[in-house]
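# below is the sequence, then the predicted model.
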Amino acid sequence: MAKRVFSVALMGCAALALAACGTSKPGESMDAAEKASETLLKTGGSGDDWSAIGFSYDEQRFSPLTDINDQNVGELGIAWFADLEDARGQEATPVVIDGTLYVTHAWSKVSAWDAATGKELWKFDPKVPGERAVHACCDVVNRGVAVWGDKVFVGALDGRLIALDRKTGKEIWSTQTFDADKPYTITGAPRVVKDMVLIGNGGAEFGVRGYVTAYDADTGKERWRFYTAPNPEKKKDGAASDDIFASKGNATWSDTGEWKVSGGGGTVWDAIVYDKDLDQIYLGVGNGNPWNHGLRSNGEGDNWFLSSVVALDANTGAYKWHYQETPAETWDYTATQPIILAEQQVNGTPTKVLYHAPKNGFFFTIDRATGKLIDAKPFVDGINWATGYDLATGRPIENPEARFYKTGKPFIAIPGALGAHNWHPMSYNPATGLVYVPAQQIPQGYLQDMDELDKRKVLGFNVGTSLNKTMLPDDQAAFRAAVAATTGRLVAFDPRAGKVAWAVDYPAAWNGGTMTTAGNLVFQGTSTGRFRAYAADTGKQLLDLDMQSGIVSAPSTFRVGGVQYVAFQTGKGGAFPLVAGVAGGVTRKVPNLPRLVVLKIGGSAQLPAAPATTLAWNPPAQFGTAEQVASGKAHFGRYCQVCHGDSAIGNGFTPDLRVSATLADADAWKGVLLDGILKDRGMVSFARVLTPADAEAVRAYVIDRSNWTKAHLPTEAAPMGR
Ligand code: CA
């Protein structure tokens, strides 16, 4: 109720002369100059502001600005840039309101800048404990802020939802959103809907139960919570999700199975989108835990709401409908990817639709009013887990070989667990009718061949597949083929035609998110360190700037003092570079230089010279028996590779262990691996799962890898990190 009064008061205020209501203080009614909030989020405004990470509530990442366009975009240069503190992934899209730029960085840090001049206005460091990093599947990243009235909201990796004063960056309130004893994290951006802040969490690789919570924006007090996986006893939680689980959802999960211990997964770690037309919220729900449906739910049931888009009443969080893109999920096919709201003709009728390109490789068009599947077509080549969708039932037509836990045979899936599209934002241009998807090819092997090492542990991934048996092969030809099969592609998808309109191929996966404008442009940074613009209608390349560093984030654009700018962050990170190592191909040699960069026409600022990237290989002598090295490999595959790279090949922002100074010193190695002396940097003790003999075996294996690299890949420089 208070909310409605607030909104009406705000709009009334905006309609008056600014001076008439421009004197309020934080915590009081909003200043008209702090207009942001509801009206701007609903309309997007003139384009001078970029009021939310997705531009507006529709999250199209489309700007109406045309000052920079397909005729002059080649004249873009750097207006200003700022070096950032942490050489970890920078995934946030800058939000710009009234000429102030707000952005988050690795370790959930927040900063505010004069968007035109680059003057830093404030910084906020939530001081996330370093050891939280071991619960982050996919780097200590953060995807951005939400701004509402006089506040800026950020979700911290350790589960705090924090409200900051927009002018000073000082903390106003903080709420712990999950049980910190469990392996949850927050990496996604909060969304503000009416006077509520919504946030989910991650952790479905380790074993948690997903949910989304709405908090009062003024006080941080909980309003409602919706669980996206069932109560372990199939009991009521006293939550908004109780009724739908009791009536239908619980029956889609087995009565026994690992989900009862793990929580089942289904985390909502990115997409939470508000539909202003239908007053409802869409959640993109993640994969199951363990991934393996045979272990998770005895191979029984669809397991609501894993890998689904779920629609909720915006006021109460009550269930409205859901569409499950991957029933009985078993490949880490999350549906957390960004959701775009649009309208299109369907059978001659104007229809409110949502567009979604999740990990599983199909582009979905869904009727927002009903949840009915309108179309599902591949947006990448080579998909082999399913041949398509039955539009009558809405279900995929699966390849039986893909369910590896049933066949007992390995299955090399396309897409793999990193997805045909991961979290990197896509954008939609109403003028071209195209959706610009940062797509990729990263095949992955799945196998259920469970030994003791594969079983659920207190540390590390618990996904129910044999991670330590599906690493890169030693055989040179197979090794090269695996690397070559991993590529990236910018896909311009036409949802009306159900096919790709144009595409740009990249030599490597994990490229940046996209942004599109009425100037007939699409912008994208690449994992190879370029920042590019393409013609939105044809895909013709119009800009190619050297940014020195891998880029994963998406840009935004805004206008201050009549000048249009484009802003983004450089700095690579996230799941793929962590695990992929050499499968990152050429990107492994691209430095990781975390920066905030702002471009304008005629910008003439220069980046400093890029650092050298070559290190000499000087591995310690090999030691240990073949059995010891094999044991080290298995433990490395089980516990280490998800942060230090498949086959110990690093990618420039966690230490490349093959060149680690501790490698030659058994005591130093043990100090890190078992005694946790680097826990404040995220490297906790693994003594709960590794014995001293195991730790020494892992050292023998990494030394073996270092020598192998020197012998087989001598020209492949070890990547630079800080
Ligand atoms: Ca996952």
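All right, it came through fine.

# which stretches in the protein count as helices?
2-15, 37-43, 242-244, 259-262, 293-296, 404-407, 476-484, 575-580, 626-635, 641-644, 666-673, 692-712 (DSSP state H).

# how about Thr570: what's its closest non-neighbour residue?
Ser549 (4.1 Å; Cβ to Cβ, 6 or more residues apart in numbering). Heads up, the C-betas are built off the backbone N, CA and C, glycines and all.

# if I read this right, the one you found contacts Phe568, doesn't it?
No: the pair Ser549 and Phe568 fails to qualify as a contact (Cβ atoms under 8 Å) at a distance of 11.1 Å.

# so which of those two has more stuff around it?
Phe568 (29 against 26; other Cβ atoms under 10 Å).

# give me the pLDDT for that one.
Predicted confidence (pLDDT) for Phe568: 98.

# dump the residue contacts of it.
When contacts are counted by Cβ atoms under 8 Å, 6 or more residues apart in numbering, Phe568 is found next to 93-94, 512, 523, 525, 531, 551, 553-556, 596-597.

# which stretches of the stretch 301-450 of the chain have low pLDDT?
Residue ranges of the stretch 301-450 of the chain with pLDDT under 70: none are present.

# point out the residues in it that sit beside the ion.
Applying Cβ under 5 Å from the ion, we find that the stretch 301-450 of the chain lies next to the ion at Asp332.

# report the contact partners of whichever residue of the stretch 301-450 of the chain sits closest to the ion.
Among all residues of the stretch 301-450 of the chain, Asp332 sits closest to the ion, at 4.6 Å; criterion: Cβ to the ion. Contacts for Asp332 were tallied using Cβ under 8 Å, 6+ apart; they are 205, 287, 291, 359, 417, 419, 463.

# relative to Thr100, which of the helices of the chain is closest?
Ranking the helices of the chain by proximity to Thr100 (Cβ to Cβ) places helix 37-43 first, at 13.6 Å.

# how far out from the middle of the chain is the closest one?
Helix 37-43 sits 25 Å away from the centroid of its parent chain (Cα atoms, centre = their mean, to the nearest Å).

# residues contacting the closest residue to Ala311 other than its chain neighbours?
Leaving aside its chain neighbours, Ala311 sits nearest to Lys320 (4.2 Å; criterion: Cβ to Cβ, 6+ apart). Residues in contact with Lys320 (Cβ under 8 Å, 6+ apart) are 280, 311-313, 371.

# biggest separation within the residues you listed, which pair?
In the contacts of Lys320, the most distant members under the criterion Cβ to Cβ are Asp313 and Gly371, with 13.5 Å between them.

# the more surrounded of those two?
Comparing Asp313 with Gly371 by neighbour count (other Cβ under 10 Å), the higher total belongs to Gly371, at 19 against 16.

# excluding its backbone neighbours, what's nearest Asp242?
Lys236 (4.5 Å).

# ok, the one you found to the ion distance?
28 Å (Cβ to the ion, to the nearest Å).

# please name the bridge partners of the nearest residue to Val193 once chain neighbours are set aside.
Nearest in space to Val193, with sequence neighbours left out and distances taken as Cβ to Cβ, 6+ apart, is Tyr274 at 4.5 Å. Listed by DSSP bridges, the beta-bridge partners for Tyr274 are Ile281.

# for the contacts of Asp332, give me CSV that also has neighbour count and distance to Lys109.
Formatted as CSV, the entries for these read as follows, by neighbours: other Cβ atoms under 10 Å; distance: Cβ to Cβ, whole Å:
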residue, neighbour count, distance to Lys109
Glu205, 26, 24
Asn287, 27, 28
Trp291, 25, 31
Lys359, 27, 28
Ala417, 23, 28
Gly419, 28, 27
Val463, 29, 30
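
# which of those lies closest to Trp502?
The shortest separation between Trp502 and any of the contacts of Asp332 is 21.3 Å, and it belongs to Gly419 (by Cβ to Cβ).

# go ahead and confirm Trp669 touches Ala697.
No: in this structure Trp669 lies outside contact range of Ala697 using Cβ under 8 Å: 11.1 Å.

# tell me how many other residues crowd the closest residue to Thr330 other than its chain neighbours.
Counting by Cβ to Cβ, 6+ apart, Thr330 lies nearest to His293, which is 4.0 Å off, once chain neighbours are set aside. Under the neighbour criterion other Cβ under 10 Å, His293 is assigned a count of 28.
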